[in-house]
Every structure is written in C-alpha cells, then in structure tokens.
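Visitor: Provide a 3D model corresponding to the input given below.
(chains A and B)
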Amino acid sequence: MLFPAKRPLPGSPPAALRDPAWRGRVFWTLATLALLWPMLVLTEFKPWLLLEPDALTPALRFLADFVPPKLDGDFLAMVARETWRTVAIATAGLTLALLLAVPLALLSARVLSISALTGRMALLPAVVRQLVRWLLIVLRSVPELIWALVFVRVVGLGPTAGVLAIALTFGGMLGKVYAEILDSGETHGTTSLLRNGSGRLQAFLYALLPQNAAELTSYTVYRWECAIRSSAVLGFVGAGGLGQQMDASMKMFNGSEVATMLLVFMALVWLADKISAWLRRGLA
Amino acid sequence: MKILLENCTGCHPAARVNAPAALRGLNLTVASGEQLAVIGPSGAGKTTLLHLLACALKPVSGTLQLDGRNPWQLSRGDLQRLRGELFLAPQVPPLPARQRVVTAVLAGRLPHESLWASVRSLFYPTDIALADQALTRFDVSDKLFERVDRLSGGERQRVGLARALLALSVAGPPQGAKAPSGGSAAHQVASVGATLLLVDEPLSALDPTRSQQAIESLTQAARERGATLVTTMHHVEMALQHFPRIIGLRDGELAFDLPAAQVTPERLQQLYAQHLDELSGAPSTALQDAPVAAAPVAMNCR
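Guide: Sure thing, here's the model as predicted:
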C-alpha cells in the first residue's frame, strides 16, 4: 500500500461516497509501470548517456554543421532533380500499391457481401475474405526496407527497387485500411442497392464510394506523404532518390547538405498536408 | 408479380433472441398488378412484411412465393436476379450525401444495366431525360444536378421515390414478352424492369399537397407498367383514398384484409385503439431498454 488508507483523514468522505473505481485505476497504473520497466531495461534506455561530454561534442559538432544549409547552385539543382525522383518513386509506388489494394479491399470488405445481407455470410466468400485478409497481413508485415533489399538484388541499384518495395508494403496497408473504412461507414445506401438486385461493383460505385470518398482520399494522401518519407529510408539501401544522396552526405559528415535535404523533406510533408486539406474541402 | 405468403413468420434481424416475432403466421395472396396499402400502428410489423416480400429477410417459418418461385430455394445468383425484379424503397431514402440527384435517381436502373453501362453513366449520365421525367412527377426536377445533402428531408424522400420509378420504367418490351431462355442473360436482364414495388412510408416527410401528388404518381406509374404495388402507410385517409385493397396489421398479425370501401371507422378504431391501450401500459418500450452492445471506437484519423 502506498497510502495509509485505513486511517481516515479528518474531513474525508464516508465510505459510501468514495469512488468505487479508484482501486482499478491504481492497479492498472501500477501494472503498466511494472510492464514498462523491463522494456526500458531491454532497450537499454539510458538518456543520461546523451549528456556525457565525449558523446555530446561530436554530435553537437555535426549538428553545428547544419547551419547554414548548403545553397549553391549546382547542389540545389542536384537536390531538385533528386527531389523530383523521390516524388516520382513515392507516386509510382503508391499507384502500384493502389492497383493492389483496391481489388483486395473490395474482396475483403464485408459490406459488399450479398449473402451477408440476410444472416451469416456464405462459406466460400467468408473463406475468400479471410484469405485476402491474410494476404494483406503478409504484404504489410514485411517492412519496405526488406522488400527493397530483396528487389535491389533482383533489379539492381536504383529507383525501381524502391518503387516495387513501396508498392508491396503500402498495398498491404492501404488494402487493410480501405476495407476498414468501407466497413465502418454508413451502409444504408449500399445495402439498399444490393437488396434491389444491383451487382457488388455497382453498389460500390453508386453508394459505398461516394459515401466514403473523403476519408479514403485523405488516407491515401497521408500514405503518399508516408511513401515520400519511406523513399528516403529506402535510398539508404541504394533505392535511389533524395535518400541516397542524404546517405552519401551523412557518410561524408556533411551537415549543411543534410540540412538542405531535410528542409526539402519538411517542405514535401507540408505540401502533402496542404493537398490533403484542399482535397478534403473539395470532397466535403 | 404475384405474391403468395403462407403462414409466414418473420423476425427483425436486430431483435433479441427471445423477443416475439415481428410478424406471425401471415397468409397473403396478391395478384399481379394489384395495389395495396398496409396500415397499422407502429410496431405492428409493416416494415418487416415489406422486408419479407423484398427477400431482404428470410422467413423463420412458412413460405413465400413470388411468381410461383420460392426465392429462398433459388441459388444465390438467381435470388439476386429475382431481387432485380422487385424494388424496395426504404422509409429513410438511401442516398449518399455527396451524390448528385441525377446519379442517385439513375441508380434505380442498376440491376437492369450492365456494369459497363453503369460506369459510363458515372462519367456522363445516360438518360438524363428519364431521370428528369421521374423527378418531374414528384415536382423536384429543379434539383436534377443538385447534391443530395443540399436537399431538405421531404425533397430527399421524393428523390428516393423517383428512383423507384426508374426501377420500374426501364425501356423494353412489356411484360410477357421476355426473351426466350436461350437468349443471353445480360440481354434478358436489360429488358425487364421491376414488377413489384415495395414502398415503406412514402409520405412520412411530405406535406399534404405533396403527399397527394406523390401517391398519385406512384400508383399511376405502377399501373402503367402493370407492376404490383405494396405500400405501408401511416396516413390512413390517404391509403383509403388511393388504394383499392387495405391490409390492417396489429401486433404482428393480420387484423383485416379488405377492399377499401369495407374498412369502416369502427375497424380502424379497433386497429389503432388497441395500440393506444398498449401504449399507456407501456410494455412496448422493453426493446428500447435492452442494453446495447458498445460500438467499436471509430478511428477517423489513421
């Protein structure tokens, strides 16, 4: 016991007025802390190491290199070219991911099941839906970095590996979340069309899609933003784009070049944010 | 379309396991092209009856036959094709908020057109004139290119009814001139409109003038196409005035099934008075008091 609860404090409320939920609250707080502790030990979480002088000085020196960012013409031209390539990797990867995700999401969305209109879903469609869900899990549980390492061996160094890696992982993520968005929205319009004898794809196009368009769009744009960031990481394993240049600059300890590229990344994320807001306003 | 209900019992899918069935032991025969109104106090099973007829609800016991076929013995594909021959218009119009009226109305044709045709119609609506014509019958043609969420509740309801008209008025040969069974299935589907119209409370959001107009348009369109029309109504006067045959439902059972002329005020009194007694006894709120399972948390930001 942390507190001497037995002895009532002067002026404390009588037993009947005490919050009955407090024991549970205290228990779960303590339980969470008890679970967190071994994890902190396991991850060697020692923040004070950050402040030791022989670790701090080189880090600060590297950070000091960040200002001013490198801004000469040749370098900026190269950054612009690579930025364009990064955007292209992210966009191409996401487009391929959409080709994968849309059919899989439609196959796994429960709301488009005709047999589920009246009671339980029929056996075969239920099995197909489960298999598609497992396929989506497989696709997204392998990190894009691993896919990229695989594809770099197949298609060689360059943006193609990045595009393919993003396509597979993001296809899995998009497919799962699309299906969840479709299933969790308002389904009255869709079931009405299905009940009146429409096909599944017709019901999707005429009711389910207009119902959920804004949320699907905003999630897709957010994933595009993630793909841009992800392509930076993929560059580190030789999948091209701004990330590969950043890797080179990091290895040379050239802080000012890294700073410029980080600023470009921030600008791209800001841009994605703006596009998303604009699209959602348009679809609201 | 002919309807035959034999000793049918139907449970609402959301009802509790031990709750009494919403509709018990119902017998009903409806000839092709007949028009009838279903009246009765709320909770009498009117909507459940429509759902049974629309094959949206499987009867717990008893049989349903539509044109001599038991829909629940058909294969899933055939059942879905049969559903294309009937049209259920729910009380709350099922229109997506962001859709335009023209698209929402043309969606009534979906079961009768190919996937390709419906995709094309999304790019540029085919048969805008047909949608406009249907909307004119309900006096909402000025909203043709308006978005659904810009409409008032009454306008939405009338757009929903216009969609029902489109399901009926598919261009093609009249009834009885179906393509021979050897013809391609797509062609056969494309040439037949709905022949059974099931409309749930079409007037619940309309003022008296619009109600009059809406019900006239509905009955007239059904008559023109030779389609069977079954409508549930809260508005008893309107039902007696426009429908030759009236079905009275009370507590999930058939109270009467009479020509409109024979529905006397005493019968109506009986049909509704019982319900008022029940209301004061207040046992009907039991279902609302049942604990509701918590809905999963909606994640809007992923």
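
Visitor: what are the ranges of the strands in the chain?
Guide: Assuming you mean chain A. For chain A, applying DSSP state E gives no strands.

Visitor: that's the wrong chain, I wanted chain B
Guide: B:3-10, B:23-30, B:35-39, B:61-66, B:86-89, B:196-200, B:228-232, B:245-250, B:253-259.

Visitor: how close does A:I228 sit to chain B?
Guide: 17 Å (Cβ to the nearest Cβ, to the nearest Å). The C-beta positions use only the backbone N, C-alpha and C, and glycine is treated the same way.

Visitor: which ones are touching that residue?
Guide: A:I228 makes contact with A:T86, A:V87, A:A90, A:F265, A:L268, A:V269, A:A272, according to Cβ atoms under 8 Å, 6 or more residues apart in numbering or on different chains.

Visitor: for B:L74, same thing?
Guide: So B:L74 contacts B:L82 (Cβ under 8 Å, 6+ apart).

Visitor: with B:L64 as the reference, measure out to it.
Guide: Plainly put, B:L74 is 12 Å away from B:L64 if you go by Cβ to Cβ, to the nearest Å.

Visitor: ditto for A:A232
Guide: The spacing between A:A232 and B:L64, counted by Cβ to Cβ, is 62 Å.

Visitor: which one's more surrounded, these two?
Guide: A:A232 (25 against 22; other Cβ atoms under 10 Å in any protein chain shown).

Visitor: burial count for A:L107?
Guide: For A:L107, the count of nearby residues is 19 (other Cβ under 10 Å).

Visitor: ugh, wrong one, A:S256
Guide: The local packing of A:S256 (other Cβ under 10 Å) involves 16 other residues.

Visitor: repeat that for the one 10 residues further on.
Guide: The criterion is other Cβ under 10 Å. On that basis, A:M266 has 10 neighbouring residues.

Visitor: please apply the same query to A:R280.
Guide: A:R280: 15 surrounding residues under other Cβ under 10 Å.

Visitor: which ones are touching it?
Guide: Contacts for A:R280 (Cβ under 8 Å, 6+ apart) come out as A:A214, A:T217, A:S218.

Visitor: ok, of those, which one's closest to chain B?
Guide: Nearest to chain B among those is A:A214, at 7.6 Å by Cβ to the nearest Cβ.

Visitor: with distance to B:P202 and neighbour count as extra columns, can I get the contacts of A:R280 in JSON lines?
Guide: Putting these into JSON lines (distance: Cβ to Cβ, whole Å; neighbours: other Cβ atoms under 10 Å in any protein chain shown) gives the following:
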{"residue": "A:A214", "distance to B:P202": "31", "neighbour count": "17"}
{"residue": "A:T217", "distance to B:P202": "35", "neighbour count": "16"}
{"residue": "A:S218", "distance to B:P202": "37", "neighbour count": "20"}
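
Visitor: now, which of those lie close to chain B?
Guide: Applying Cβ under 8 Å from any Cβ of the partner chain, the subset of the contacts of A:R280 adjacent to chain B comprises A:A214.

Visitor: can the contacts of A:R280 go into a markdown table with extra columns for distance to A:P68 and pLDDT?
Guide: Conversion of the contacts of A:R280 to a markdown table gives the following (distance: Cβ to Cβ, whole Å; pLDDT from 0 to 100):
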| residue | distance to A:P68 | pLDDT |
| --- | --- | --- |
| A:A214 | 42 | 85 |
| A:T217 | 38 | 89 |
| A:S218 | 36 | 86 |
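
Visitor: quick check, nearest of the contacts of A:R280 to B:C55?
Guide: Lowest distance from B:C55 to the contacts of A:R280 (Cβ to Cβ) belongs to A:A214, with 32.9 Å.

Visitor: restricted to helices, list the contacts of A:R280.
Guide: If you go by DSSP state H, these have A:A214, A:T217, A:S218 in helices.

Visitor: for those, which one is nearest A:T95?
Guide: A:T217 (14.6 Å).

Visitor: take the ones in helices among the contacts of A:R280 and write them to JSON lines, including distance to A:R18.
Guide: Converted to JSON lines, the ones in helices among the contacts of A:R280 look like this (distance: Cβ to Cβ, whole Å):
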{"residue": "A:A214", "distance to A:R18": "47"}
{"residue": "A:T217", "distance to A:R18": "50"}
{"residue": "A:S218", "distance to A:R18": "46"}
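
Visitor: in PDB, could you pull the C-alpha coordinates for stretch A:52-59?
Guide: Extracted C-alpha coordinates of stretch A:52-59, given in PDB (Å, rounded to 0.1, in the frame of the first residue of the first chain):
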ATOM      1  CA  GLU A  52      28.200  12.700 -21.500                       C
ATOM      2  CA  PRO A  53      30.800  15.100 -23.000                       C
ATOM      3  CA  ASP A  54      32.700  12.600 -25.200                       C
ATOM      4  CA  ALA A  55      29.300  11.700 -26.900                       C
ATOM      5  CA  LEU A  56      28.000  15.200 -26.800                       C
ATOM      6  CA  THR A  57      30.800  17.000 -28.600                       C
ATOM      7  CA  PRO A  58      30.900  15.100 -31.900                       C
ATOM      8  CA  ALA A  59      27.100  15.200 -32.100                       C
END
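
Visitor: OK, contacts around the residue of the stretch 101-250 of chain B found nearest chain A?
Guide: Relative to chain A, the nearest point of the stretch 101-250 of chain B is B:P111 (3.5 Å; Cβ to the nearest Cβ). By Cβ under 8 Å, 6+ apart, the contact set of B:P111 is A:N196, A:G197, A:S198, A:G199, B:R83, B:G84, B:A167, B:V189, B:A194.

Visitor: thank you kindly, that will do.
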